[in-house]
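K.L.:
Build the 3D model from these lines:
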Amino acid sequence: MRLAEALEGGAGNPASVEVLRQAVRERPRDAALRERLALAAERAGMEAEAAQALREAMALDGPSRSRLLALGRLQLRMGDVAAAAATFSEARAMAPADPAVLDALGLAQDLAGNAAQAQESYRAAMVLAPRNWGVRANYAMSLLLSGQASKAVEVLAEAEYAPAAPHRARHNLALALVTSGRPDRALRLLRLDMGPTEAEQVCEDMAAIGTRVLGGGEAAGRAEAGAAPPVAGGKRPGGAGAAGAPASLGASPACRAS
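P.N.:
Residues are numbered from 1 along each chain as shown. Okay, the predicted model is just below:
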């Protein structure tokens with residue numbers, strides 16, 4: 001394979017990576033070529049080599065928003081959350097009004113267990129890109145995992161009627177509704193995208209997710225007040241489940257068509 005072929009947008013197989021490695025050895029001061037190597041290595045599933053190539057490109061030619069975003073995403077995929085958060089923070093310093101940077105930083109902060117910081121980042125991204133459903137989804141999921149299901153519903157509420165809202169946004173809203181104790185409304189929403197039987201099953205699956213993963217603040221608060229929580233128990237990643245709540249409530253009756 002020749003270098004011209006390896007530089008094509010679809011390059012990402014081991015042969016193209018090897019051609020680019022050789023080119024980098026022959027032109028060691030070419031930062032753009034190392035960036036191409038990083039892209040090809042990433043597409044070939046060689047995340048560590050891709051990250052190293054990006055670091056070398058930045059050492060030669062300085063960091064940029066795009067390079068830092070690419071490096072941070074590779075670090076997340078490799079499980080180095082702390083490094084990713086530091087990389088995205090550097091990107092934010094370069095591009096403080098970039099919603100993609102703020103969203104990526106929020107995700108890293110969430111994965112590091114810093115939900116409050118993550119939610120600040122998501123809110124800042126939403127101010128800059130209020131129609132970005134990916135940002136909204138990340139913010140809503142962060143709220144859910146920190147026991148704030150009603151706030152998650154508020155973030156995604158527009159998905160119920162906005163023509164441009166993707167199916168995934170409506171389904172995220174349905175999950176928030178089930179978790180906040182409104183499975184009947186969630187079921188109606190799910191029926192917009194699927195048949196009645198499938199909608200009931202998905203609604204029940206969401207109730208199970210809420211029980212096993214998302215149980216927390218709001219459910220615990222209702223239990224303490226003497227009301228039956230819609231979901232409870234389980235442990236959210238990095239934290240304990242609702243204290244004193246039952247391990248499982250089973251499928252919600254409201255997930256069944258009347």
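K.L.:
contacting residues for residue 108?
P.N.:
Under the criterion of Cβ atoms under 8 Å, 6 or more residues apart in numbering, the neighbours of residue 108 are 72, 76, 81, 84-85, 88. All C-beta spots, glycine's among them, are computed from the backbone N, C-alpha and C.
K.L.:
go with 10 Å
P.N.:
By Cβ atoms under 10 Å, 6 or more residues apart in numbering, the contact list for residue 108 reads 72-73, 75-76, 80-89, 114, 117-118, 121.
K.L.:
in terms of contact, does residue 84 touch residue 106 like I think?
P.N.:
No - taking contacts as Cβ atoms under 10 Å, residue 84 lies outside contact range of residue 106: 11.5 Å.
K.L.:
Okay, buried residues for the helix or strand harbouring residue 205 please.
P.N.:
Element membership of residue 205 [criterion: DSSP states H and E] is helix 196-209. Within helix 196-209, the residues that qualify as buried are 199-200, 202-204, 206-209, counting by 16 or more other Cβ atoms under 10 Å.
K.L.:
just checking, what packs against it?
P.N.:
Judged by 3 or more Cβ pairs under 10 Å, 6 or more residues apart in numbering; DSSP states H and E, helix 196-209 is in contact with helix 167-179, helix 183-190.
K.L.:
Look up how far residue 75 lies from residue 156.
P.N.:
To residue 75, residue 156 is 28 Å away according to Cβ to Cβ, to the nearest Å.
K.L.:
Output stretch 170-182 in PDB with nothing but the alpha carbons.
P.N.:
Extracted in PDB, the C-alpha atoms of stretch 170-182 (Å, rounded to 0.1, in the frame of the first residue of the first chain):
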ATOM      1  CA  ARG A 170     -38.100  10.200  23.800                       C
ATOM      2  CA  HIS A 171     -36.900   6.900  25.200                       C
ATOM      3  CA  ASN A 172     -34.500   8.700  27.700                       C
ATOM      4  CA  LEU A 173     -37.500  10.800  28.700                       C
ATOM      5  CA  ALA A 174     -39.600   7.700  29.200                       C
ATOM      6  CA  LEU A 175     -36.900   6.200  31.500                       C
ATOM      7  CA  ALA A 176     -36.900   9.400  33.500                       C
ATOM      8  CA  LEU A 177     -40.700   9.300  33.800                       C
ATOM      9  CA  VAL A 178     -40.700   5.700  35.000                       C
ATOM     10  CA  THR A 179     -38.000   6.500  37.500                       C
ATOM     11  CA  SER A 180     -39.900   9.600  38.800                       C
ATOM     12  CA  GLY A 181     -43.100   7.600  39.300                       C
ATOM     13  CA  ARG A 182     -45.000   8.300  36.100                       C
END
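K.L.:
how far does it sit from the chain's center?
P.N.:
17 Å (Cα atoms, centre = their mean, to the nearest Å).
K.L.:
next one: stretch 49-64
P.N.:
On the basis of Cα atoms, centre = their mean, stretch 49-64 sits 25 Å off its chain's mean C-alpha point.
K.L.:
again, but for stretch 93-107
P.N.:
Between the centre of stretch 93-107 and the centre of its chain there are 14 Å (Cα atoms, centre = their mean).
K.L.:
tell me the average confidence for it?
P.N.:
Mean pLDDT, taken over the full extent of stretch 93-107, equals 96.
K.L.:
before we move on, what about stretch 206-213?
P.N.:
Mean pLDDT, computed over stretch 206-213, is 81.
K.L.:
what do you get for stretch 56-71?
P.N.:
Stretch 56-71 shows a mean pLDDT of 96.
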